[in-house]
Each structure stands twice: as structure tokens, then as C-alpha cells.
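**Q** Next input, structure requested:
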Amino acid sequence: MRIEQNPLFRKVIVPWYDSKIACRVIIVCMLFALLFGLIGISTANATESYNDYIWIPVVLTVLSGIVLTAAIIRLVKQYK
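**A** Reported below is the predicted structural model:
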């Protein structure tokens, strides 16, 4: 019996972390993390004793921005 070369049931399997719902959840969570980091930066700037620790909200803001950008790119690629 010959195996069919191009069966009709063959579909691309999208991993759960690359689905549209997961990307949207990641985007919302990263927006909250980005906002939290920005508030932390403004608080650290306003308080003199916290100026040495401003690197923590800066790192949080940068990393959440990177993850947010990656999730938006994934979502745009799925819609195209």
C-alpha cells in the first residue's frame, strides 16, 4: 500500500506559547510590567535615598519592553 504524499489533514501545529491568546496575555502582562517599571523609575528619581537602586526599575522596563516587542512581532506575523 502506498503512503499518500500530500494528505488533506496535514496542518501546521502552532505551539501553545505562540498562539494568539498567549501573545495577547503576554502583551497585557508586559504592559503592566512596563508601567510598573516606569513608576519605579519616577519614584527612585523623586526619593534621594533610592537613587542608588534606580537600576532595578530600569532593567525591568528594558526587559519588559524587549518581551513586549517580541510578542507584538509574533502576533503581527500570525495575522499576515
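
**Q** Mind giving me the packing neighbours of the helix or strand hosting residue 34?
**A** Secondary structure from DSSP states H and E places residue 34 in helix 20-46. The contact analysis (3 or more C-beta pairs under 8 Å, 6 or more residues apart in numbering; DSSP states H and E) places helix 20-46 against helix 55-79. Every C-beta, even on glycine, is put in place using the N, C-alpha and C of the backbone.

**Q** so how far is the helix it packs on off the chain centroid?
**A** Mean C-alpha position of helix 55-79 versus that of the full chain (C-alpha atoms, centre = their mean, to the nearest Å) differs by 4 Å.

**Q** Quick one: residues in contact with it.
**A** 18, 20, 23-24, 26-27, 30-31, 33-34, 36-41, 43-44 (C-beta atoms under 8 Å, 6 or more residues apart in numbering).

**Q** do stretch 27-41 as well
**A** With C-beta under 8 Å, 6+ apart, stretch 27-41 has contacts from 54, 56-58, 60-61, 64-65, 67-68, 71-72, 75.

**Q** if you set the cut-off to 10 Å instead, what comes out?
**A** Around stretch 27-41, the neighbours that count as contacts under C-beta atoms under 10 Å, 6 or more residues apart in numbering are 50, 53-72, 74-75.

**Q** how about low-confidence regions in this protein?
**A** Scanning the chain for pLDDT under 70 picks out 1-14.

**Q** rewinding a little: weed out the non-buried ones from the contacts of stretch 27-41.
**A** 57, 60, 61, 64, 67, 68, 71, 74, 75 (16 or more other C-beta atoms under 10 Å).

**Q** Distance from stretch 51-70 to the middle of the chain?
**A** 13 Å.

**Q** Can you report how many residues neighbour residue 37?
**A** 20 (other C-beta atoms under 10 Å).

**Q** brain fart, residue 17
**A** 10.
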